[in-house]
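Peer 1: Provide a 3D model corresponding to the input given below.
(chains A and B)
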Amino acid sequence: MVKYLLKRLLHGLISVVIVVTIVMILIYSLMKRELIFRTDMQYRKLQENQKITYKYEQWERYGYLDYVSYGEYLNTLVEGGEITKETRDEAAQLGARVTDDSEVTATYVKKFTEAYESRGYEVIRSDKTASGQATILFASRDIPIFTRLFRYFAGMFRIDNVHYVEKTTGEELPDTGITFTFFDPLYNQGEKKVFAPAVMGIGTEHRYLLYFDDQFPYIHQNLLKFNIGTSYSVNKGIAITDTMFAGQDPNLNKTVTFATGLTEESPRNLHTATYVKGSQNATAINADRFTDDYTNVQYFKRNMSRTGFSFVIGIISVIAAYLLGVPLGILMARKKNTFIDGLGTVYVIFIIAVPSLAYIFFFREIGGALGLPKTFTADMPNLLMYVLPIVSLALPSIASLMKWIRRYMIDQENSDYVKFARSGGLSENEIFTKHILKNAIIPIVHGIPGSILGALVGAIITERLYSVPGAGLLLTEAISSYDNGVVVGLTLFYAVLSILSLILGDILMAAVDPRISFTEKAR
Amino acid sequence: MENNYQNELADLSDLGMSVEELFAHCDNSEAEAEKITAPRYSYWKSVFRVFFRKKINIVILVLLAVVVLFAYIYPMIFPYNAYENLAHMTTTSHLSPAKAIKTLGFKLKWILGTGAQGQSTFDAVWNGARISISLALICAAINMTVGVVVGAIWGFSKKVDIVMTEVNNIIGNVPYILVISVMVMIFTGSFWTLVFAMTITGWIGIAYFIRTQVIIIRDREYNLASKCLGTSTFRIAMRNILPFMTSVIVTLLATELPSYISYEVFFTYLGIGLQEDVTLGRMISQASSNLAVRAWAFEFWSPTAIAAIITVVLYVVGQNLGDASDPRTHR
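Peer 2: Residues are numbered from 1 along each chain as shown, chains lettered A, B, ... in the order given. Below you'll find the predicted structure:
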């Protein structure tokens, strides 16, 4: 069993990599690059050389190509100690035309060109324009698909370690190391001892590597971070995982006691502190509150994350769907070819055949007429506003459950064991609940993990229609604003979820039905 | 007991007839031997006999005919013109049906009111319906053909099965919406782009479904027997399995056809569908912003209702045709 599952997981992993590759090819190679500027006002305003520079800089940010300007190249030379700042300033003076370059400039331009052309870059020079914009010189290279893939997967897992500060700033902090405490200093500033284990580090990126707090799931870690990309336009500069899983505005104030002993109402979540060199004394605010350079904190948020909203709505609708759909399906099967069955079939046909957009609108209008809130206002929590999104999500699931349960039960009804049970004198109730249902429910069980994990993904139309700040809209938002990083990250997330749900479904099915076994091949 | 028989035989001889008179001689006849005593059976005739036995099907077919008539013939006679009232837009924009008839006179095209530029909602709806139906028919034709052929091969060959199952696992994980939007972004949202986008990966789900069906039927006893008698695989596929699958394929078609219309509406609503034409999805998305106003409500509910009618009609016809094409119902 374990061996089989490992094999499945490995296969799944390979599938995920291929899916990401396909999506990357679709996005980075097949799509026209200029498209990302379609709604960019700044791009339209810029002219000539400025436009070219902006274009390449944006392409680098969106991950299309590697871009190095001549200026950047000279700066690296200064950092490497090869040239002095004075030489740099002199060399940076590009002439209006190649022939106008000074001798110093010409040598460094030549060096730059040689250095980058040998590495497969294309060196582009655009001379001074008629309107007086300065000459630009830069090198750029399309990132090959395998390099892109490698970079993506290599940067996916980040393990925090004690060498972080040393590596990034070049100096080692005193007392570098990892400590374990039973009494988290955040909760232990007074006389009273509060038992709260925590793993803390100095020299690491995060001050707290493992800690407990009062927020679900109560135990948190900063040791291993997943990085599936950064958003550029949907949520500028924020990691996709944070866009999906971090709480949403507004900030939530809590009573926080800082390391200096200052206690105030503040949204700062001190457990999330990361190292920023020299930040403690950079501002008066920090100096009053912190005793070290671990000052970069995230804020407590009042609202759930995007995924949180989607999941709450999704999971309730899944539960509701199973609670309603399964009994209704059984009822339809038992009352086959009666009025109830017909009514159920009409509903199923309605949901299958009518475009989802149409019936979601339809039920929204009905709900609105009944006085239920038609839009979701996260700032004014009201439990009633969850009702319509949940209903609109549950409707199709109920229909499909009804359809399949009925189908499976009716199929089972004609099998020999049912005839045998009937001839043995069992009552219809017993036959249905003890025999038919047990067999008919097995394929339904297979879909349960899928529907639960699917709730994490969110729903596109429902969330858009009820303005739920959920995760379902993320993909469409990313696509329409050409946020390639988010598209790739989300695809990866979806692919992992769908593979996991298939595997979990199989496990669950094997657990429910003893006849199904993965230990050896049936055929 | 034995005595009785002997008695009967004795009785026969008492009749005084020769053996020739009792038993007529019959020559060995090839033609007669091929004759089957059962009544003549034509598959498709029976399909339609069973189909038309249900009265609801006639009603639905009439409805389908009306829809097709309005979607394809009506725009030929009265071409859709989005700008016919552009000159007096201020007075004709977003009129409810009653007002439209009052302002523009009683004509069939005004019975659903007017849109933003004073254009006829009625005409626009049928124009959109024509695009939607054509899209669904073309996509279904491509996906079903490719899907059924690939699915049949997939089900028969174990080697192909291993490869295709992996392909299915991979393609199935690329979000459909992503494929379509990227295609639309690359080629801009024209009708044929959408067809291309919906068919480039759309066939694989159908192929997988068919593959499962083929595997179920493939190893049944009658096929094994046929194989033992030396029937070629191709003949088994064409003669033994395909007829068995007709009802499954028709039923599948019944769910596929409406789904393409739904997809068009869905994608256009999200702003990544057809970008030039006036489609049902586009009308719905444009009018959905202002449902509270009566005229807008008509602009919203007319395309919604037409989309729903088309899909339900196609679905019901397909389902019932699927039922009728199952030979077990031909009694």
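Peer 1: Show me what from chain B comes close to chain A.
Peer 2: Within chain B, the positions adjacent to chain A are B:166, B:169-170, B:172-175, B:177-179, B:181-182, B:185-186, B:255, B:258, B:261-262, B:265-266, B:269-272, B:281, B:284, B:288, B:291, B:300, B:304-305, B:307-308, B:311-312, B:314-316, B:319 by CB under 8 Å from any CB of the partner chain. C-beta: built from backbone N, CA, C; applies to glycine.
Peer 1: Show me the residues you listed that map onto strands.
Peer 2: Per DSSP state E, strands hold no members of those.
Peer 1: Spatially nearest residue to residue 249, not counting backbone neighbours?
Peer 2: Picking chain A for this. Once flanking residues are discounted, A:Asp249 sits nearest to A:Lys301: 6.4 Å by CB to CB, 6 or more residues apart in numbering or on different chains.
Peer 1: oops, chain B please
Peer 2: Going by CB to CB, 6+ apart, B:Ile249 has B:Val148 as its nearest residue, at 6.3 Å.
Peer 1: So that neighbour is in contact with B:Tyr208, correct?
Peer 2: No: in this structure, B:Val148 is not within contact of B:Tyr208 by CB atoms under 8 Å, at 11.6 Å.
Peer 1: Do you have the strands of the stretch 1-150 of chain A handy? List them.
Peer 2: For the stretch 1-150 of chain A, the strands defined by DSSP state E, counting those that start in this stretch occupy A:65-69, A:122-126, A:136-142.
Peer 1: before we move on, the earlier item: what degree of burial does the residue nearest to B:Ile249 show, as a neighbour count?
Peer 2: Neighbour count of B:Val148, defined by other CB atoms under 10 Å in any protein chain shown: 23.
Peer 1: same question, the one 5 residues further on
Peer 2: Around B:Ile153 sit 17 other residues, with neighbours defined as other CB under 10 Å.
Peer 1: which sections of chain B are below the confidence cut-off?
Peer 2: Counting by pLDDT under 70, chain B contains low-confidence ranges at B:1-22, B:34-39, B:275, B:291-295, B:331.
Peer 1: partners of the residue nearest to A:Asp249 in the sheet?
Peer 2: On the basis of DSSP bridges, A:Lys301 is bridged to A:Asn251.
Peer 1: And it, how close does it get to chain B?
Peer 2: Here A:Lys301 is placed at a distance of 28 Å from chain B (CB to the nearest CB, to the nearest Å).
Peer 1: so who does that residue touch?
Peer 2: Applying CB atoms under 8 Å, 6 or more residues apart in numbering or on different chains, we find A:Lys301 in contact with A:Ala246, A:Gly247, A:Gln248, A:Asp249, A:Pro250, A:Asn251, A:Leu252, A:Pro267.
Peer 1: run the last query once more with 6 Å
Peer 2: A:Gly247, A:Gln248, A:Leu252 (CB atoms under 6 Å, 6 or more residues apart in numbering or on different chains).
Peer 1: before we move on, what about A:Glu90?
Peer 2: Each residue near A:Glu90 by CB under 6 Å, 6+ apart is listed here: A:Val104.
Peer 1: returning to that earlier point: how close does the residue nearest to B:Ile249 sit to B:Gly118?
Peer 2: Distance of B:Val148 to B:Gly118, computed by CB to CB, to the nearest Å: 47 Å.
Peer 1: ok, now B:Val182?
Peer 2: For B:Val182, the distance to B:Gly118 (CB to CB) stands at 37 Å.
Peer 1: With A:Glu413 instead?
Peer 2: With the distance defined as CB to CB, A:Glu413 ends up 59 Å from B:Gly118.
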